[in-house]
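Colleague: Below are the sequence and a predicted model for it; my questions follow.
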2 protein chains.
Amino acid sequence: MKPKVYLPKLEDVAARARVSAATVSRFHNNPSIVADSTAERIRKAILETGYVPDLIAGGLASRRSRLVAILVPEIAHSIFNDTIEALASELVRDGLIAILGLTGKSDQDMGKHIDAAIARRAEAIILSGPVTNSGLRSKLQKSGATVIETWDLPANPIDIAVGFSHVAVGADIARFVVNRGYRRPFLVVGASPRSLVRRDSFIAEWKRNSRARPTQLTIEPPVLYSHARACWRHAMELKPRPDIVVCSSDLLAHGMIVEAYAAGAKVPQDIAIVGFGNMAIAGEMRPTITSVDLDGARIGREAVAVLRKRAAGQKSDRRVIDVGFRLVARESA
Amino acid sequence: MKPKVYLPKLEDVAARARVSAATVSRFHNNPSIVADSTAERIRKAILETGYVPDLIAGGLASRRSRLVAILVPEIAHSIFNDTIEALASELVRDGLIAILGLTGKSDQDMGKHIDAAIARRAEAIILSGPVTNSGLRSKLQKSGATVIETWDLPANPIDIAVGFSHVAVGADIARFVVNRGYRRPFLVVGASPRSLVRRDSFIAEWKRNSRARPTQLTIEPPVLYSHARACWRHAMELKPRPDIVVCSSDLLAHGMIVEAYAAGAKVPQDIAIVGFGNMAIAGEMRPTITSVDLDGARIGREAVAVLRKRAAGQKSDRRVIDVGFRLVARESA
DNA sequence: CTGAAAGCGCTTACAG
DNA sequence: CTGAAAGCGCTTACAG
């Protein structure tokens, strides 16, 4: 067992600087109201003692935890990581700190993490997607925390939503495919709720252009690079052969290109490929990959902007913030 | 501004169950000592009020924050993510919660995040690498937190270290390259401290086999996939032409294979390639990539095991825990 | 500009 | 098995 060390507390600093604890507290939280000479003595005492204020105790007294919960399904190969990174970096600048919850995919685990966040009295709870379970919704609502659902634009957000329209993405991709003159798209879709929304929207738009229903293949998540192999085989067996593969992620698109190489096929001459997510690799692969750019970092920054507004007492003008997306046409399609 | 909601507190539950606050507290923290009939009334009162204990207040009273700080340079494309994920998942099972600090690369930022962790009285601070700055070391030491340096085996850890030997990795790769009969390795190295350790160890072992000093190229981090293009060009201009490229990451190895494809070269027939990290893609690329497997998740689990031992009052037997690594020979070399 | 005092929501010896 | 009371380390009206 480690020996318990003694951490100096407010009182130790106060005694040393010959002021009251209240004044030392003010020195930290509202320095402009303490006299210069007093401040100087306090500064010295802090240095001598190595005092680090206990923000947990402070949070209890001021009823501001300065904790923000970030709840995401996973982190290992996550498309949310840019958002998490932007969030965490911005939050520290506001004296806030991120607590991380990995929720997996079940609502039950999600519930546990929401409880954990509420138990720490997190000031805000940021979720990677919209919450549909009504029990969880009301739990979040009653928590008093700012709740931010990201990466989508739910019609009825719990509190605030920051994201983009998956319906619009699907339709945009369809129009792109039509405009480029492709005629036989093959959709490879990870079976996550939002991928399916994009797929359905693609199909609706495609039919609007009076084309036949595209062929498709649905993959159980987690979608791995290795799925590309089976998808490629599937695509090659289709009659007629598809002229473009629309993938629900850049990972898949990338894998398809590797498979094409391995099979001696040329992209996009023999078969075109579209991804989603605009991961770094999309711009760097050979050929570069046509994809949909989502500014994950911006989602994080907009979320923090909402928190800042609330902290400043301004009421948010919008409950749903659309950060948009951008179809980036490159070499692969 | 959101309307402040009223959150029930211990007293509300106690009043409703007609017991003292102390008993409700015991119901949560030490249920075996409260009478069944009492427990039943408390359970009911909790349900009726929707009470969620304030763990922050509880932590202050019990002087256990139940917070564990995870400090990593970044998360967006991080090799540490498996470790973070394993940590976060294991910690919740112990009632602990992870706070996330993104430290960037400067010691100054690192210092801020260490302060933030100490200010929350984190019970443990887990770092992605060894700390060399002596100011930071003593700050960590004085904090009283369990400090775990990961992904390396420092000779003199601050407290506990969990990782593997980069010296051993470099030497192992060199022996592999020798044994497979390659004669002209080209080292492509991201200029991070530990990549350089592996490189130096490779070179030392290589020379021990009385070979000429290998050619090498050092890349300023962050190492991007796109660097592969320049590396490939560089490799092709070397005379004599290298027969194997040893990369400091799978990302680079992967990029080199794509470049090889694009140039019409065959891997490993024309040029062999070795990576590092054993990312998922290494096993799935065509050709599959020879790499060094580091069990990032295991590092996380071992770190939590240390925390559990300490929580149970056992003293740790080892200060440095070697989780090892595994050179995985595949098709690319 | 500063201090004394009450209080944030819990936990935990202590006593019974 | 349970309660009354003190205390965890801060903040913040209130009064001066």
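Modeller: Noted; the coordinates are in hand. Predicted, not measured: the structure shown is a model, and the values here were computed from it. Numbers count the residues shown, from 1 in each chain, chains lettered A, B, ... in the order given.

Colleague: Would you mind listing the buried residues in the helix-or-strand element of chain A with minimal mean pLDDT?
Modeller: Ranked by mean pLDDT, DSSP states H and E, the weakest helix or strand in chain A is helix A:280-284, scoring a mean of 89. In terms of neighbour count (16 or more other CB atoms under 10 Å in any protein chain shown), helix A:280-284 has its buried residues at A:Ile281, A:Ala282, A:Gly283, A:Glu284. Every C-beta, even on glycine, is put in place using the N, C-alpha and C of the backbone.

Colleague: from those residues, which are also near chain B?
Modeller: Intersecting the buried residues of helix A:280-284 with the contacts of chain B gives A:Ile281, A:Gly283, A:Glu284 (criterion: CB under 8 Å from any CB of the partner chain).

Colleague: Going by distance to DNA strand C, which of those residues wins?
Modeller: A:Ile281 (47.6 Å; CB to the nearest atom of the strand).

Colleague: pretty sure A:Ile321 is touching A:Ala161, no?
Modeller: Yes: using CB atoms under 8 Å, A:Ile321 is in contact with A:Ala161, at 6.8 Å.

Colleague: A helix includes A:Glu149, no?
Modeller: No: the assignment for A:Glu149, made by DSSP: H, G, I helix; E, B strand; the rest coil, is strand rather than a helix.

Colleague: Check the gap between it and B:Arg330 for me.
Modeller: 42 Å (CB to CB, to the nearest Å).

Colleague: Quick check on these two: which one has the bigger neighbour count.
Modeller: Neighbour count, other CB atoms under 10 Å in any protein chain shown: between A:Glu149 and B:Arg330, A:Glu149 has more, with 25 against 17.

Colleague: who in chain A is up against DNA strand D?
Modeller: Neighbours of DNA strand D within chain A, by CB under 7 Å from any atom of the strand: A:7, A:9-11, A:21-22, A:25-26, A:28-29, A:51, A:53-54, A:57-58, A:60-62, A:64.

Colleague: So is stretch A:93-101 next to chain B?
Modeller: Yes: applying CB under 8 Å from any CB, one finds stretch A:93-101 in contact with chain B at A:Ile97, A:Ala98, A:Ile99, A:Leu100, A:Gly101.

Colleague: Can I get that stretch as PDB, trimmed to CA atoms?
Modeller: These are the backbone C-alpha positions of stretch A:93-101, laid out as PDB (Å, rounded to 0.1, in the frame of the first residue of the first chain):
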ATOM      1  CA  ARG A  93      -9.900  25.700 -21.700                       C
ATOM      2  CA  ASP A  94     -13.100  26.300 -19.800                       C
ATOM      3  CA  GLY A  95     -11.900  24.500 -16.700                       C
ATOM      4  CA  LEU A  96     -14.100  21.600 -17.500                       C
ATOM      5  CA  ILE A  97     -12.900  18.000 -17.600                       C
ATOM      6  CA  ALA A  98     -14.200  15.100 -19.700                       C
ATOM      7  CA  ILE A  99     -15.300  11.900 -18.100                       C
ATOM      8  CA  LEU A 100     -15.400   9.000 -20.600                       C
ATOM      9  CA  GLY A 101     -18.000   6.400 -20.800                       C
END
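
Colleague: Buried residues in that stretch, which are they?
Modeller: Counting neighbours by 16+ other CB under 10 Å, one finds that the buried residues in stretch A:93-101 are A:Leu96, A:Ile97, A:Ala98, A:Ile99, A:Leu100, A:Gly101.

Colleague: Could you pull up phi and psi at whichever residue of the stretch 51-200 of chain A sits closest to DNA strand C?
Modeller: Using CB to the nearest atom of the strand, the single residue of the stretch 51-200 of chain A nearest to DNA strand C is A:Ala61, 3.4 Å away. Phi and psi for A:Ala61, reported as degrees, to the nearest 10, are phi -70, psi -40.

Colleague: what about it, how many neighbours?
Modeller: Using other CB under 10 Å, A:Ala61 has 9 neighbouring residues.

Colleague: and the gap between it and A:Leu10?
Modeller: Distance from A:Ala61 to A:Leu10, by CB to CB: 11 Å.

Colleague: try A:Pro130
Modeller: Where A:Leu10 is concerned, A:Pro130 sits at a distance of 43 Å (CB to CB).

Colleague: A:Ala100 belongs to a helix?
Modeller: No Ala there; residue A:100 is Leu. No: looking at A:Leu100 with three-state DSSP, it is strand, so not inside a helix.

Colleague: Show me what whichever helix or strand A:Ile56 is part of packs onto, helices and strands only.
Modeller: Element membership of A:Ile56 [criterion: DSSP states H and E] is helix A:55-62. On a contact count with 3 or more CB pairs under 8 Å, 6 or more residues apart in numbering or on different chains; DSSP states H and E, helix A:55-62 meets helix B:55-62.

Colleague: CA atoms only for the helix it packs on - export them in CSV, please.
Modeller: Presented in CSV, the C-alpha positions along helix B:55-62 are these (Å, rounded to 0.1, in the frame of the first residue of the first chain):
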residue,chain,number,x,y,z
LEU,B,55,-20.8,10.3,-5.7
ILE,B,56,-18.9,13.6,-5.7
ALA,B,57,-20.1,14.5,-2.3
GLY,B,58,-19.7,10.9,-1.2
GLY,B,59,-16.1,10.9,-2.5
LEU,B,60,-15.3,14.0,-0.5
ALA,B,61,-16.7,12.5,2.7
SER,B,62,-14.9,9.2,2.2
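
Colleague: avg pLDDT for the next helix-or-strand element following it?
Modeller: Toward the C-terminus, helix B:55-62 is succeeded by strand B:67-72 as the next helix or strand (DSSP H and E). Taken as a whole, strand B:67-72 carries a mean pLDDT of 97.

Colleague: what comes up buried for strand B:67-72?
Modeller: B:Leu67, B:Val68, B:Ala69, B:Ile70, B:Leu71, B:Val72.

Colleague: so, in contact with DNA strand C or not, it?
Modeller: No: counting by CB under 7 Å from any atom of the strand, DNA strand C has no neighbours in strand B:67-72; the shortest distance is 14.8 Å.

Colleague: Just the angle for the helix or strand following that strand relative to strand A:67-72, thanks.
Modeller: Going down the chain from strand B:67-72, the next helix or strand is helix B:81-93, by DSSP H and E. Here helix B:81-93 runs at an angle of 120 degrees relative to strand A:67-72 (axes from the mean of the first three to the mean of the last three CA atoms, to 10 degrees).

Colleague: picking that back up, okay, A:Ile321 and A:Ala161: which has more neighbours?
Modeller: Between A:Ile321 and A:Ala161, counting by other CB under 10 Å, A:Ala161 is the more crowded of the two (26 against 22).

Colleague: what helix or strand is the more buried one on?
Modeller: strand A:160-163.

Colleague: quick one: that strand to chain centroid distance?
Modeller: Taking CA atoms, centre = their mean, to the nearest Å, the mean C-alpha location of strand A:160-163 is offset from the chain mean by 11 Å.
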